[in-house]
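Chemist: kindly generate the corresponding structure for this input.
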Amino acid sequence: MERIWKPNVTVAAAIERDGRFLFVEEETDDGIRLNQPAGHLDEGESLVDAAAREALEETAHRFVPEFLVGVYQWCRPAGDVTYLRFAFGGRLLGVEAERALDHGILHALWLTPEEIAAEHARHRSPLVMQCVRDYLAGRRFSLDLITHYET
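Modeler: Residues are numbered from 1 along each chain as shown. I've put the predicted structure just below:
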């Protein structure tokens with residue numbers, strides 16, 4: 001039976017506070033990389049819930065998505081994986097300082113757009129800087145754009 005191709009659906013949290021963005025430094029197969037708090041959509045999970053969960057798991061910050069920054073499609077240079085990323089902006093409710101971060105996450109950090117741009121060689125993908133640019137350009141789409149049906 002022929003295998004049907006499917007993209008990897010991921011979410012990201014574009015979280016800005018006082019001119020700095022919440023990022024993670026993470027271990028990957030390609031070395032230590034910078035990324036927004038991000039990860040894969042779990043089975044049965046809504047995109048909005050996934051973004052909140054990933055932010056908490058990777059940064060220990062409680063995040064409430066309030067708008068969609070953008071939807072991004074990217075194929076890795078090797079051509080073996082295509083990602084479909086939904087990036088959300090919103091607000092933080094606080095931090096769980098004692099919470100352990102996800103496996104592979106070295107730490108969370110706050111970076112200015114200039115610091116993020118200067119580290120472009122360490123970005124997890126080109127989507128990282130594009131999300132920052134879109135956020136700074138004021139891209140805000142209502143969450144009403146997304147409908148999740150409970151099973």
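Chemist: can we go C-alpha only for contacts and neighbour counts from here?
Modeler: Noted.
Chemist: got the contact list for Asn8?
Modeler: Listed by CA atoms under 8 Å, 6 or more residues apart in numbering, the contact partners of Asn8 are 40, 81-84.
Chemist: want to throw the residues you listed into TSV with distance to Val48?
Modeler: TSV is the format used below for those (distance: CA to CA, whole Å):
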residue	distance to Val48
His40	12
Val81	23
Thr82	21
Tyr83	17
Leu84	15
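Chemist: which among the residues you listed gets closest to Glu96?
Modeler: Taking CA to CA as the measure, Glu96 sits nearest to His40 out of the contacts of Asn8, at 21.8 Å.
Chemist: closest to Glu54 out of the contacts of Asn8?
Modeler: For those, the residue nearest Glu54 by CA to CA is His40; the value is 8.4 Å.
Chemist: all helices of this protein, in order?
Modeler: Assigned by DSSP state H, the chain shows helices spanning 47-59, 113-118, 127-136.
Chemist: okay, those helices, which one's buried deepest?
Modeler: Ranked by mean neighbour count under mean count of other CA atoms under 10 Å, the helices of the chain are led by helix 47-59, which reaches a mean of 24.
Chemist: next one: that one to chain centre, how far?
Modeler: Relative to its chain's centre, helix 47-59 lies at 8 Å (CA atoms, centre = their mean, to the nearest Å).
Chemist: who are the packing partners of it?
Modeler: The contact analysis (3 or more CA pairs under 8 Å, 6 or more residues apart in numbering; DSSP states H and E) places helix 47-59 against strand 8-14, strand 38-40, strand 61-75, strand 82-95, strand 105-111.
Chemist: who wins for proximity to Leu143 among these?
Modeler: With CA to CA as the criterion, Leu143 lies closest to strand 61-75 of the helices and strands packed on helix 47-59, at 5.4 Å.
Chemist: just the mean pLDDT for that closest one, thanks.
Modeler: Strand 61-75 shows a mean pLDDT of 98.
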